[in-house]
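build me a model from this:
(one chain, ligands or ions: 1)
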Amino acid sequence: MNPDALLEKIAAIREAWGDRLLMLGHHYQDSSVVSCCDAVGDSLELSRLAARSNAERIVFCGVRFMAETADILVRDETGRANGRSVWQPAPDAGCPMADMADGKGLEAAWQTLQAALPEVPLTPIVYVNSNAEVKAVCGKHGGSACTSGNGHHVVKHFLDLGHRILFAPDQHLCTNIMRELGYPADAVAVWHRDLPNGGLTDEQMRSARLIAWDGCCPIHASYTTGDVMAARAAHPEAELLIHPEAPSPVAALADQTGSTKNIIDAIHRADLDRAFIVGTEEHLVSRLKQLPGRKIYSLRPIQCVDMGLTTLEQILHVLETWDETCRVTVPDELVLDARACVERMLAL
Ligand code: SF4
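The predicted structure follows:
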């Protein structure tokens, strides 16, 4: 079936469902996919929209952890689904970074680090780009989620209380946050998940203000200082905007680091004749390039394979069949702790 015919069929089903159906698309989805969504945004924005809506069925065009977060937030206060459900058209679309951390490993790291310095509270902070079981461990130990947009605020909040932090799964995001908050490099120690005691000495476990899980986003972590030099040389007039999942030596060269939303907002706010080099996922950058008046260049075009898995065919398949293999249900025993982790962030 050609794309126009697929879009027509999807639109007809959406119309028949009316307000009972909400279709959400992440910024990194293909343009054909976002064209049939009710809202486009970052993962947390979309999950909050899902929670605020009264829709019975939410179709989340994104990756697994995003649909899970939506499911956690649409449950009622007791954790029950109450007839609401979340569906992911591409059930195999995961997030390699989220999959670098698991609940059991995070729990073991928290226990080891807390035992090394029991007199100082150790608070877990998990990036929203994490699986539900990781959020549940974080919530159980009084920790909070964070996004790339509010990470500075959440990290600073707990550091100001005198806590140490165990941050998972993105080592680069938290290292960039600590650098931008003015902490020296040795305030961060990296927990290597495959090594005994994370590969840390007792002294490192006790002296670090923040212990960073060794995960990363393979997309943003692939940027190099060489990419920056080449892009700056090619477009000397342009301002460089980079996502904070990039390695710290690269992010430090940017004019601004910012979440997906911050990058979009900065470009929309800028005068029409401004030029930008953008270091984030290419599905989004290619749409930014179509904005009238601005000159937008890719730092280096790179697409997230998982984000590209959702197709119009799969969306139509979900809407026509409500195939249970596309339904995302966080196990009941994880929901309340995972929800506490996300709600603590929203309250900060
Ligand atoms: S862009 Fe990175 S963080 Fe986002 S889904 Fe892909 S791998 Fe995960």
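
get me the contact residues on the stretch 151-300 of the chain for the ligand.
217-219, 281 (Cβ under 6 Å from any ligand atom). Where C-beta positions appear, they are placed from N, C-alpha and C, glycine not excepted.

and the strands in the stretch 151-300 of the chain?
164-168, 188-191, 210-213, 239-242, 256-257, 275-279, 295-298 (DSSP state E, counting those that start in this stretch).

direction included, what does the last one pair up with?
Each strand paired with strand 295-298, and its direction, by DSSP bridges: strand 275-279 (parallel).

buried stuff in the strand it pairs with?
The neighbour-count check on strand 275-279 (16 or more other Cβ atoms under 10 Å) flags 276-279 as buried.

can I get it in CSV, CA atoms only?
Once non-C-alpha atoms are left out, strand 275-279 reads as follows in CSV (Å, rounded to 0.1, in the frame of the first residue of the first chain):
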residue,chain,number,x,y,z
ALA,A,275,22.9,29.5,11.3
PHE,A,276,23.2,26.4,13.6
ILE,A,277,25.2,23.2,13.6
VAL,A,278,23.1,20.6,15.4
GLY,A,279,24.4,17.6,17.2
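
quick one: the helices in the stretch 1-150 of the chain?
3-17, 31-34, 43-52, 64-74, 103-116, 132-140 (DSSP state H, counting those that start in this stretch).

so what's the spatially most central residue of the chain up against?
In the chain, the centroid-proximal residue (Cα atoms, centre = their mean) is N129; its distance is 3.7 Å. For N129, the contact set (Cβ atoms under 8 Å, 6 or more residues apart in numbering) comprises 43, 65, 95, 97-98, 169-170, 217.

hang on, the earlier thing: need the helices of the stretch 1-150 of the chain in a markdown table with mean neighbour count and distance to the ligand, can you?
Formatted as a markdown table, the helices of the stretch 1-150 of the chain follow (neighbours: other Cβ atoms under 10 Å; distance: least, Cβ to the nearest ligand atom, whole Å):
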| stretch | mean neighbour count | distance to the ligand |
| --- | --- | --- |
| helix 3-17 | 13 | 23 |
| helix 31-34 | 18 | 14 |
| helix 43-52 | 21 | 8 |
| helix 64-74 | 26 | 8 |
| helix 103-116 | 18 | 17 |
| helix 132-140 | 26 | 14 |
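
how far off helix 64-74 does the helix or strand of the chain with the lowest mean pLDDT point, in degrees?
Lowest mean confidence among the helices and strands of the chain (mean pLDDT, DSSP states H and E): helix 43-52, at a mean of 86. Using axes from the mean of the first three to the mean of the last three Cα atoms, to 10 degrees, the direction of helix 43-52 lies 30 degrees away from that of helix 64-74.

which pLDDT value belongs to L241?
Per-residue confidence for L241 comes out at a pLDDT of 98.

wait, C174
pLDDT, C174: 98.

do the same with L346
Reported pLDDT for L346: 88.

again, but for C138
So, for C138, pLDDT stands at 98.

hang on, it packs against I125?
Yes - C138 lies in contact with I125 (Cβ atoms under 8 Å); the separation is 7.1 Å.

overlap in contacts of these two?
Common contacts of C138 and I125, defined by Cβ under 8 Å, 6+ apart, comprise 144-145, 168.
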